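# no FASTA, just this:
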């Protein structure tokens, strides 16, 4: 029986809702084949986000961690390939921080790859008709910060961790300029992703690259 | 008690599913406030599409007609503003026709505006958190052909008619490059659109234009 | 010897430059095979734009008219297919007008097709390696207003007229979010377009449609 | 007097031209304030690209290296922030290689940051009206491969190195679906970038991040 911790961010940037938070509320306690989902809520602030997930890791003792965030403008669920050691915030976080080109971990490595099977996850969602593709950048805001921070914290452990970006909810995109995805589909997608993590000890060799 | 006929196209361009057809199957017989939905299926061929809807109009004697088609690449439900008198097919239709710059109705007017309250429809959907925006082009393929053809047929009647484009379904966009919308939301959106048609004898003055 | 009048809009929407105006400055007096270009400047106001071009038509007595405007967000030079009889301004024009769903010409037809050979123009530019594609909507702002107004004015004459949208200049897109085109290429493109107008008494049957 | 080596890739993916190669041909020997540009040509193959640049570095003994590649779909010149240790080719390279999720350097670090002042470069181009923005992913094809490989080779040296992606040329985008940039502007942009490298021993704290 594996335990998967899924974290969701609070609203930010003036928003009143965050699909990641709405999704984890619905995923709390969900049963998987040979597994179970537990969740936690994460503040969108440079100095508290990672600490919140670390605290949940200590509390829940999960086998795997999936951190989840909102990606305005993306049409698909996008497992991230890599976290980079830089904070370069285009907008302020929820406590007013706006660092430019500051390291997340001083003297940390430039980046960490996801330790989740991102190709297996992507394939599993596509097989169920859910839009999904690998992303090669998690940006330089609090999402990437959390991805890097948790990966750094777990670097000497056997706990797998990766970040998944999800689209806006329809009600966040009602003027029609940006793509969206219904909460049902996001929740189903994250559940399939969690199951794929349990089912794939190592990743599968499926093409998922980009030219640039 | 008003009757609204909603038509949906069959799959085309090598696709095996068309969200418009899936939606009308679920909308058949749906009750509205002071109204009811009836539906029909439309072949994606230059010389049969309009005839199929005209036949359904004769059969059902509706008060309003909403023709619906798939718009790959759009993120929102988009009520169309205008139908233009030209067939310029980038791909073949389901019977192999590929006209270039042929009129739909010889000596017909260059275009017909929708006679549905497109701003009221757009506003009603947005109020319910469903991505929606007015579109100023229905393209030059069978969708526009049907829009123009039905508008021309109804030109001396009191029957209101307009065309609404809808996004791809998630399973048509599973590789993540194009936006999509769940069938539930599409069906709900079209029902709200039909209700807005019944509730708005004339359109409302809401901004919905584009610079270009 | 044919005379082609090309008009260019002044800056609008807070901009300090308009590529259409910059282009016509450079095109004034340009020689073509069997032709010559004359130009005029057009204010971006609902009630003065068309009048400015009509005055220039009366003054220059051209054989053809090409009205030109800026299309922020487009990557190519786009000859417009159709002008529609509606003013629906998303932003105010340069005199503060912001009509919603008002006709341009009361009791005018819903639309006018371009009377220029748009496919021949598009092909001629592409042959020279200049990004070009037919557009099926000129929007609902002053560009479309002028396109419709001039087409209406010329409707009983032999003077061909059409509208061509052009991309932003690089310096208008320096933050990299929108496509642009260098002024040199825009000027060359418009000269090739003018030549194609002279060389093609009727249009050529080349595919240039869209699905939607 | 500083020497800057700028490399340009050969055509790939069925293309007959590569803007990077065209640009370096024109940049060969160009004089800068307190500097000079030398160039080299790079094959688009997994096992030869890095070697070609290393050979040119040995030959020219430059102070700085800028590797340059084509980014179809981007509207701006984009200095890359980070190279990642993965080859995941969506298409074959020019010798038929198509690795999936293979490391570029076995046991190499997950990524290397650019050692060029990417914010200073971006600012310098924008000041001259040239579309430019920082990119956070160089993809997973030969461009990223070269970026990583050269950065790894230079890791213990004082030689600064970074990768810059450039848009398609207009003639590569003539059908109008993708943005492009004229060769003149690309060459000017790369010259300004090279000058910014010489003029900025360290980078400047200008915002250039993305949310995701």
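That came through fine. Predicted, not measured: the structure shown is a model, and the values here were computed from it.
# Helices of chain A, residue ranges please.
A:19-27, A:49-60, A:118-127, A:142-153, A:183-199 (DSSP state H).
# want to try JSON lines for those, with mean neighbour count and mean pLDDT as columns?
Any C-beta I mention is one placed from the backbone N, CA and C, and that applies to glycine too. Shown next, in JSON lines, are the helices of chain A (neighbours: other CB atoms under 10 Å in any protein chain shown; pLDDT from 0 to 100):
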{"stretch": "helix A:19-27", "mean neighbour count": "22", "mean pLDDT": "98"}
{"stretch": "helix A:49-60", "mean neighbour count": "17", "mean pLDDT": "98"}
{"stretch": "helix A:118-127", "mean neighbour count": "23", "mean pLDDT": "98"}
{"stretch": "helix A:142-153", "mean neighbour count": "26", "mean pLDDT": "98"}
{"stretch": "helix A:183-199", "mean neighbour count": "22", "mean pLDDT": "98"}
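# what does chain A put close to chain B?
Counting by CB under 8 Å from any CB of the partner chain, the positions of chain A adjacent to chain B are A:74-78, A:125-126, A:129-133, A:169-171, A:173-182, A:184-185.
# Would you mind checking those residues for buried ones?
For these, a burial check counting by 16 or more other CB atoms under 10 Å in any protein chain shown picks out A:74-78, A:125-126, A:129-133, A:169-171, A:173-174, A:176, A:178-182, A:185.
# Cross those against strands and list the overlap.
residue A:78 (DSSP state E).
# Of the buried ones among the residues of chain A next to chain B, which are in range of chain D?
Among those, the residues lying close to chain D (CB under 8 Å from any CB) are residue A:74.
# And for residue A:44, nearest residue in space, chain neighbours not counted?
Of all residues not flanking residue A:44 in the chain, residue A:12 sits nearest, at 3.8 Å (CB to CB, 6 or more residues apart in numbering or on different chains).
# My read is that that neighbour contacts residue A:93, right?
Yes - counting by CB atoms under 8 Å, residue A:12 touches residue A:93, with 6.9 Å between them.
# any shared contact partners between these two?
Shared contacts of residue A:12 and residue A:93, defined by CB atoms under 8 Å, 6 or more residues apart in numbering or on different chains, are found at A:44, A:142.
# Can you tell me how far residue A:129 is from chain C?
Plainly put, residue A:129 is 22 Å away from chain C if you go by CB to the nearest CB, to the nearest Å.
# residues in contact with that residue?
Neighbouring residues of residue A:129 by CB under 8 Å, 6+ apart: B:169-171, B:174.
# can we see that at 10 Å?
Contacts here follow CB atoms under 10 Å, 6 or more residues apart in numbering or on different chains; on that basis residue A:129 touches A:185, A:188, B:169-174, B:180.
# cool, residue A:104 as well?
If a contact means CB under 10 Å, 6+ apart, then residue A:104 has A:46, A:50, A:83-87, A:140, A:144-149, A:151-152 as its contacts.
# repeat for residue A:2
By CB under 10 Å, 6+ apart, the contact list for residue A:2 reads A:32-37, A:62-64, A:160, A:194-195, A:197-199.
# pLDDT at the residue in chain A sticking out farthest from the centre, what is it?
Going by CA atoms, centre = their mean, the residue of chain A most distant from its centre is residue A:175, 25.9 Å out. pLDDT recorded at residue A:175 is 97.
# And it, how far from residue D:73?
Look at residue A:175 and residue D:73: by CB to CB, to the nearest Å, they are 25 Å apart.
# and if you look at residue A:133?
Using CB to CB, one gets 15 Å for the distance from residue A:133 to residue D:73.
# Just to check, residue A:127 is in contact with residue B:174?
Yes - counting by CB atoms under 10 Å, residue A:127 does reach residue B:174; the two are 8.4 Å apart.
# Now do the contacts for residue A:207.
A:119, A:134, D:88-91, D:98-101, D:140.
# one more time with 8 Å
Counting by CB under 8 Å, 6+ apart, residue A:207 touches D:88-90, D:98, D:100.
# Neighbour-wise, which one of the residues you listed leads?
Greatest neighbour count in the contacts of residue A:207, by other CB atoms under 10 Å in any protein chain shown, goes to residue D:88: 24 neighbours.
# Next, count neighbours for the closest residue to that residue other than its chain neighbours.
In space, and not counting its chain neighbours, residue D:88 is closest to residue A:209: 3.2 Å by CB to CB, 6+ apart. Per other CB under 10 Å, the neighbour tally for residue A:209 reads 21.
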